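>>> Fold the stuff below for me.
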Amino acid sequence: MLSVPTLWTVSVTNFFALGLVWVYVLRCYPKFEAARFWTAAAFAATAGAAASMLRGVVDFRLLLIGCNALLIFACWFVVMGVQRFYNVPISWRAPALGTGLTCIGLAYFQFVQDDMPMRIAIYSLGQIVPAAITLHLVMMRREDQNPGARLAAICSVLLIIAYAARSALALLQVGGDLSIVDFNGLQAARILIVIFLSMAWNFGFLLMAIDRLRNEVADLALLDDLTGVGNRRHLLQRLTEECARSVRSGEPFALLVIDLDGFKGINDTHGHAAGDACLQHFSLMAQTRLRPADMLARSGGDEFCIVLPSSTLGEGAMIARRVLEVCRADAAECSGKEIPIAVSIGVAQWTMEIGAYPDRLIAAADRALYEAKKRGRDGYAISEPAPSLVPEIAEHA
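Got it, this is the predicted structure:
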């Protein structure tokens with residue numbers, strides 16, 4: 001038989017186990033702020049369910065209001081966790097107001113007019129509001145949705161339906177009498193359904209966290225540790241994508257290969273720490289001269305590449321001049337122990353002859369870089385695309 005003590009025991013066990021899981025997530029990823037609120041939600045629910053077992057130790061009527069307040073505030077902690085997950089500003093006013101109004105309603109129908117069905121309806125409304133807000137937040141971020149977010153949205157809908165049905169059954173007195181210490185079978189089944197829906201709801205948030213953390217790890221694998229720009233793996237991935245896009249559309253794009261002049265001398269004279277600082281400083285300077293869609297990557301050592309999507313050779317040369325200008329202006333302001341940075345740049349453009357092979361484009365830009373070095377460094381050179389065959393020769397070939 002489903003009894004009140006059995007149901008509360010199930011609640012305490014489940015929410016405490018879930019709280020331990022969130023504690024582990026929080027210890028492993030302390031900067032993941034949403035986990036703090038979801039941890040608080042799990043333990044607030046645990047405390048609310050556990051306190052209900054103190055029947056006989058304290059006045060159960062006051063205890064009942066306190067337990068319900070903890071359980072409702074646990075749902076508001078869930079809402080705040082979702083807000084932090086989606087970088088939405090948090091306000092404590094709504095949780096305090098929602099929990100306070102619910103407690104006032106419960107107290108009225110406990111001490112002024114003892115009405116169990118009304119207490120169930122008020123408590124259910126106190127749970128429905130944060131569930132509806134959570135559903136709104138998740139549905140408004142469809143571009144960020146993952147399987148966990150979809151599970152959380154589904155459970156939000158089912159929780160709203162379950163709480164509404166439980167209120168309707170209580171108000172209509174369907175299934176038999178209700179008391180503080182026991183429910184009828186139908187109401188007890190409804191409570192059990194709500195408990196497991198709440199667990200599934202939290203598992204949805206756990207899946208959201210796992211997906212977010214996995215994506216962050218994947219992003220870190222594509223970034224250079226020193227400069228924070230893309231690494232060689234990211235560069236080759238982006239070039240492969242751009243080549244495939246150009247093969248389909250015929251639209252060219254440009255690539256810049258950049259080498260810091262005299263970098264070995266900087267390392268030998270000033271030390272590797274100074275060389276690392278130069279690489280970081282150049283990365284910051286170069287990014288100020290790029291367009292939003294352009295990509296800067298460190299391909300290795302003192303060599304960088306810039307991918308310019310949907311750009312011609314002339315536009316690539318324009319970006320090369322911008323990078324050179326910012327480096328020259330910065331070098332002119334150096335004084336004392338500051339190290340001036342000079343670069344050489346090779347510019348190449350994708351052509352049909354390059355096709356889907358990014359290494360051919362890199363080789364063309366490298367040849368242009370070598371030409372810029374021969375000219376005296378601190379400049380750029382262009383890799384002219386091979387002339388197309390005239391129609392008669394192409395047809396004969």
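>>> ok, His272 - how many residues close by?
His272 has 10 neighbours, counted by other CB atoms under 10 Å. No exception for glycine: its C-beta is placed from N, CA and C like everyone else's.
>>> Tell me the spacing between it and Pro130.
Computed with CB to CB, to the nearest Å, the distance linking His272 and Pro130 is 54 Å.
>>> just Arg377 next, same as before
Distance, Arg377 to Pro130, by CB to CB: 63 Å.
>>> These two: who's more crowded?
More crowded of Arg377 and Pro130, by other CB under 10 Å: Pro130, with 26 against 13.
>>> got the contact list for the more buried one?
Neighbouring residues of Pro130 by CB atoms under 8 Å, 6 or more residues apart in numbering: 72, 75-76, 78-79, 95, 98.
>>> Excluding chain neighbours, give the residue nearest to it in space.
Counting by CB to CB, 6 or more residues apart in numbering, Cys75 is the residue found nearest to Pro130 once chain neighbours are left out, at 3.9 Å.
>>> In three-state terms, label that neighbour for me.
What DSSP: H, G, I helix; E, B strand; the rest coil gives for Cys75 is helix.
>>> Could you check stretch 287-303 and say which residues are buried?
Within stretch 287-303, the residues that count as buried by 16 or more other CB atoms under 10 Å are 287, 289-290, 294-299, 302-303.
>>> so which pair among those residues is furthest apart in space?
Largest separation among those by CB to CB: Asp294 and Asp302, giving 20.0 Å.
>>> Now do the residue nearest to Pro130, the pLDDT please.
In this model, Cys75 is scored at 93, pLDDT.
>>> For Ala218, what is the enclosing helix or strand?
Using DSSP states H and E, the secondary-structure element containing Ala218 is helix 185-220.
>>> so Cys305 bridges to which residues?
Beta bridges link Cys305 to Val257, Ala297, judged by DSSP bridges.
>>> Let's see which of the contacts of Pro130 end up in strands.
Using DSSP state E, no member of the contacts of Pro130 sits in strands.
>>> Same list, those residues, but as CSV with neighbour count and distance to Asp114 please.
What follows is the contacts of Pro130, written out as CSV (neighbours: other CB atoms under 10 Å; distance: CB to CB, whole Å):
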residue, neighbour count, distance to Asp114
Ile72, 26, 21
Cys75, 25, 26
Trp76, 25, 27
Val78, 28, 31
Val79, 24, 31
Pro95, 18, 28
Gly98, 21, 24
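>>> secondary structure class for Val88?
coil.
>>> Count the neighbours of it for me.
As a burial measure, Val88 scores 14 neighbours (other CB under 10 Å).
>>> do you know how far the nearest residue to it once chain neighbours are set aside is from Pro95?
Residue nearest to Val88 in three dimensions, not counting chain neighbours: Leu137, with 6.8 Å by CB to CB, 6+ apart. Using CB to CB, one obtains 14 Å as the distance from Leu137 to Pro95.
>>> how deep is Ser249 tucked in, by neighbour count?
9.
>>> To clarify, my last question referred to Arg36.
17.
>>> Among the contacts of Pro130, give me the pair with the biggest separation.
Val78 and Gly98 (12.4 Å).
>>> Next, check the buried residues of stretch 287-303 against the helices and list the overlap.
Those of these mapping onto helices are Gln287, per DSSP state H.
>>> and which of the buried residues of stretch 287-303 is nearest to Arg27?
Proximity of those to Arg27 was ranked by CB to CB; the top entry is Arg298 with 32.6 Å.
>>> If I follow the layout properly, that closest one ends up in contact with Gln280?
No. When contacts are counted by CB atoms under 8 Å, Arg298 is not listed as touching Gln280 (10.2 Å).
>>> Can you check which residues contact both of those two?
Listed as contacting both Arg298 and Gln280 by CB under 8 Å, 6+ apart are 226-227.
>>> Domain map for the protein?
If you go by automatic domain parsing, the domain ranges for the chain are 4-220, 232-396.
>>> Which of those domains sits closest to Leu226?
Smallest distance to Leu226 across the domains of the chain (CB to CB): 5.9 Å, for domain 232-396.
>>> mind checking how far that closest one is from the chain centre?
Its chain's C-alpha centre lies 31 Å from the corresponding centre of domain 232-396 when counted by CA atoms, centre = their mean, to the nearest Å.
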